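Student: need coordinates for the below:
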Amino acid sequence: MFGAGPRSTRCPSCGRGPGPEAAGVGGVGRCDRRVKVTLASYELAARMGADYVEPDLVSTKDGVLVARHENEIGGTTDVAAHPEFAGRRTTRTIDGAAVTGWFTEDFTLAELKTLRAKERLPAVRQRNTIYDGLFEVPTFQEVIDLTNGSRASSAGRSGSIPRRSPRRTSARSGCRSSPLSSGHWTATG
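Tutor: As a prediction, the model looks like this:
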């Protein structure tokens, strides 16, 4: 269980979180019980005692920050089932390696909102597949709104600790700079 104090703050499925001495950080939410990086996973983490969630953020084509662990969304959304987006499948260089898929920076927020999240590792987190197709890709603002409205943690605090997605796309991808990558953001909580 996530939370402050002596309870473990690490997710039993992915192992993310600080340690038992720190405030409970829900990381990508409760990825052992919901599709990760969704409002449902963050909300469940808060209900189970997380003081904070740590959304990884990437930018859309129109510069909106969305919560995704990485900018390639072929494995975490149903984009492949949308024939209208088939032509956007491309290959990019990420962290020095060629990656083929669909990338958030090629979609407007309105387009991303037509997609639904799915479990990236169905063989590992089989139970989560029952939630495939139920949840939207959340914006950073939606995560902020959720955590600011939730005071369910054991310490009576809740917030978000944003971080830029750890994977880096080549500068040649044409991705617009977002407020996060420009350093114009603050943590909430």
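Student: in the chain, what spans have low per-residue confidence?
Tutor: 1-33, 35, 150-158, 163, 165-189 (pLDDT under 70).
Student: ranges for the strands of it?
Tutor: 52-53, 56-59, 65-67, 90-94, 97-101, 159-160, 163-164 (DSSP state E).
Student: and those strands, which is most packed in?
Tutor: strand 52-53 (a mean of 30; mean count of other Cβ atoms under 10 Å). Every C-beta, even on glycine, is put in place using the N, C-alpha and C of the backbone.
Student: which other helices and strands does that strand contact?
Tutor: With contacts taken as 3 or more Cβ pairs under 8 Å, 6 or more residues apart in numbering; DSSP states H and E, strand 52-53 sits against helix 39-47, helix 140-149, strand 159-160.
Student: can you redo these as a markdown table with distance to R125?
Tutor: Shown next, in a markdown table, are these (distance: least, Cβ to Cβ, whole Å):
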| stretch | distance to R125 |
| --- | --- |
| helix 39-47 | 11 |
| helix 140-149 | 21 |
| strand 159-160 | 23 |
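Student: could you say which of those is packed most deeply?
Tutor: helix 39-47 comes out most buried of those by mean count of other Cβ under 10 Å, with a mean of 24.
Student: just checking, what packs against it?
Tutor: strand 52-53, helix 140-149.
Student: what about 6 Å?
Tutor: Contacts defined by 3 or more Cβ pairs under 6 Å, 6 or more residues apart in numbering; DSSP states H and E place helix 39-47 against no helix or strand at all.
Student: distance of I94 from T100?
Tutor: 10 Å (Cβ to Cβ, to the nearest Å).
Student: can you check N71 too?
Tutor: For N71, the distance to T100 - Cβ to Cβ - is 13 Å.
Student: beta partners of the residue nearest to H69 when sequence neighbours are not counted?
Tutor: Leaving aside its chain neighbours, H69 sits nearest to D56 (4.9 Å; criterion: Cβ to Cβ, 6 or more residues apart in numbering). In this entry, D56 is beta-bridged to R163, by DSSP bridges.
Student: and stretch 80-97, end to end?
Tutor: Taking Cα to Cα, to the nearest Å, stretch 80-97 runs 22 Å from one end to the other.
Student: nearest to G87, of the helices and strands packed on strand 52-53?
Tutor: Checking the helices and strands packed on strand 52-53 against G87 by Cβ to Cβ gives helix 140-149 as the closest, at 27.5 Å.
Student: what's the closest one packed up against?
Tutor: strand 159-160.
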